[in-house]
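**Student:** Need coordinates for the below:
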Amino acid sequence: MRIGLIVLIVLSSIAIAGPALAEVQDAVYRGTMVCDKLPFTHAKMREAFEVTIADGKVSYRHVVRLYESAESTAEEGTGVLEGQDITLIGGWDGGNNRYKASYRGTFVRRSARLKGTQIWAVGGKDVTRACAGSIKRPFKVFLRQKQAR
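**Tutor:** So this is what the prediction gives:
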């Protein structure tokens, strides 16, 4: 009797936890990224961050702002999705200023928290700054449905 009850509890837990884990879907995930202050900026930067997952491919865009207005080009990169884990690699080139970036995170339901670094080439030196943020997809009901062929 006791073993049957334990098996029932374990199976129920798996059935409930399964759908919560399998929430990474093709969608545009939007959020913000906050990065530490650079030697030539006045404060930390908080900017828009967008990750697109489509047909197993991952790409992202991140607004770059050094002063009052956003730069004309965004940070861009690609990524890898392994189960619930996401890794993003990219960079930005603004002529005199440029950097390489890498971020990692884990999805929980429909969102992920990201952490990473940007390695800037500034005045012949490398300057590393930490970044952290989060992204979230819309509720499933608002996602585009795949057309039946």
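**Student:** CA atoms for contacts and neighbours, from now on please.
**Tutor:** Will do.
**Student:** And the helices in this structure, which stretches?
**Tutor:** Counting by DSSP state H, the chain has helices at residues 2-21.
**Student:** Low-confidence stretches in it?
**Tutor:** Scanning the chain for pLDDT under 70 picks out 1-23, 144-149.
**Student:** give me that answer again for 50
**Tutor:** Along the chain, segments meeting pLDDT under 50 span 5, 7-8, 10, 14-22.
**Student:** which residue ranges form the strands in it?
**Tutor:** Assigned by DSSP state E, the strands in the chain fall at 27-35, 45-54, 57-62, 75-82, 85-93, 98-108, 111-122, 125-136.
**Student:** For the fourth one, list every residue counted as buried.
**Tutor:** For strand 75-82, the neighbour count (16 or more other C-alpha atoms under 10 Å) marks 75, 76, 77, 78, 79, 80, 81 as buried.
**Student:** which residues sit against it?
**Tutor:** Contact with strand 75-82 is made by 56-64, 86-93, as judged by C-alpha atoms under 8 Å, 6 or more residues apart in numbering.
**Student:** Over to the last one?
**Tutor:** By C-alpha under 8 Å, 6+ apart, the residues outside strand 125-136 that reach it are 29-38, 49-51, 110-121.
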